[in-house]
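Visitor: mind looking at a prediction? Sequence and model below.
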Amino acid sequence: MSDYFQTSSQPIIAAVVPCYREGERVLPVLESFGTEVALIIVVDDACPIGTGELVKSRTNDPRISVITHDQNQGVGGASLTGFAKAIELGADIIVKVDGDGQMDPAMIPRLVKPILEGRADYTKGNRFFRLQGVIGMPILRLIGNLALSFASKLSSGYWKLFDPTNGFVAIHARVAQLLPLGHIDHRYFFESDMLFHLNINRAVVIDVPIDAIYGDEKSGLRISRILLPFAWKHSRNLFRRLFYNYLLRDFTFASIELVLGSMLTGFGIIFGSMHWYTSYSTGIAAATGVVVLAALTFILGAVLLLGFLNYDVQNQPQDPLYPDL
């Protein structure tokens, strides 16, 4: 245990544990929280097997409180309910720990350390940092996370982060108060949507290496079910982020690269495709000037977009919103 947590002025750390069909699996998780955690908020997300009631009957830890939803709201909805309750109870840092046993509460000091030191507003676990964690990950989960990570980098603007679907996160309570909790996605897109809203508020986010734990539990995340919804939501957040950060909030040379590059690339693709189709349909080759115009506008637009992308990668938030607790 860090000496920091032994001081009388230690910040109030609240753990939010969303639960759905966890049953007795959540009990060892609750027993694993160290003394650095002052509040444990269990959110029963309308669990059909009564996980919340089980926790009430099988635990006597005074730090634990249980909230029960009348209707299922998803992991994001349950987490946001816990966040709001933690803020109400005066927490300084809020940590989300799933109730299925895949996240080790012993890692909480490591997760909150950058926030305590004033280096970050939000931290998240990264299961890919250590080779053994990657080796132990199911192959389908590994491939899915690689694709989702790149999509999340685009939509959130946090290009140095990885493992976006990892729900082991910690947030400065004052930063959580800045977020529109009622407008953040309530389902499996919750973690990625959080990153988007954090970027809009220019919060500093840091990856923290953690160890992954895989048991016999079955994930409710199905690629076939979330592929199209995730693609749409990432595209929507990408457009909103670019509009807010580069057109509405500020206008720089990078903004010109984005607008002009998009127009030229789009023109080159559409113009070239139309004339290619005409040539294919009629069997008459397109004029040299047409080919050159389509290629030139596309290449120039692509160069401008690459210049903008380079700027966007470097434009990640650097200064924490609240360096002091």
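Guide: Received it, and whenever you're ready, just let me know what you need.
Visitor: just checking, Gln316 touches Leu161?
Guide: No: when contacts are counted by CB atoms under 8 Å, Gln316 is not listed as touching Leu161 (9.1 Å). Where you see a C-beta, it was placed from the backbone N, CA and C, and this is true even at glycine.
Visitor: neighbour count winner among these two?
Guide: A count of neighbours by other CB atoms under 10 Å puts Leu161 above the other of Gln316 and Leu161, at 19 against 16.
Visitor: count the residues that sit near the residue nearest to that one when sequence neighbours are not counted.
Guide: Take Leu161 and drop its neighbours on the chain: the residue closest to it by CB to CB, 6 or more residues apart in numbering is Asp207, 5.4 Å away. When counting by other CB under 10 Å, one arrives at 19 neighbours for Asp207.
Visitor: tell me the helices and strands packed up against the helix or strand where Asp207 lies.
Guide: Under the criterion of DSSP states H and E, Asp207 resides in strand 205-209. Using 3 or more CB pairs under 8 Å, 6 or more residues apart in numbering; DSSP states H and E, the elements in contact with strand 205-209 are helix 108-116, strand 122-126, helix 190-200.
Visitor: if you set the cut-off to 6 Å instead, what comes out?
Guide: helix 108-116, strand 122-126 (3 or more CB pairs under 6 Å, 6 or more residues apart in numbering; DSSP states H and E).
Visitor: which of these is buried the deepest?
Guide: Among those, ranked by average contacts under mean count of other CB atoms under 10 Å, first place goes to strand 122-126 (a mean of 24).
Visitor: for that one, give me every contacting residue.
Guide: Contact with strand 122-126 is made by 111, 114, 162-163, 166, 168-171, 198, 203, 205-210, as judged by CB atoms under 6 Å, 6 or more residues apart in numbering.
Visitor: pLDDT of that strand, averaged?
Guide: Averaged across strand 122-126, pLDDT comes to 94.
Visitor: what about the helices in the protein?
Guide: 26-31, 51-58, 74-88, 108-116, 131-135, 139-156, 173-178, 190-200, 223-243, 253-282, 288-314 (DSSP state H).
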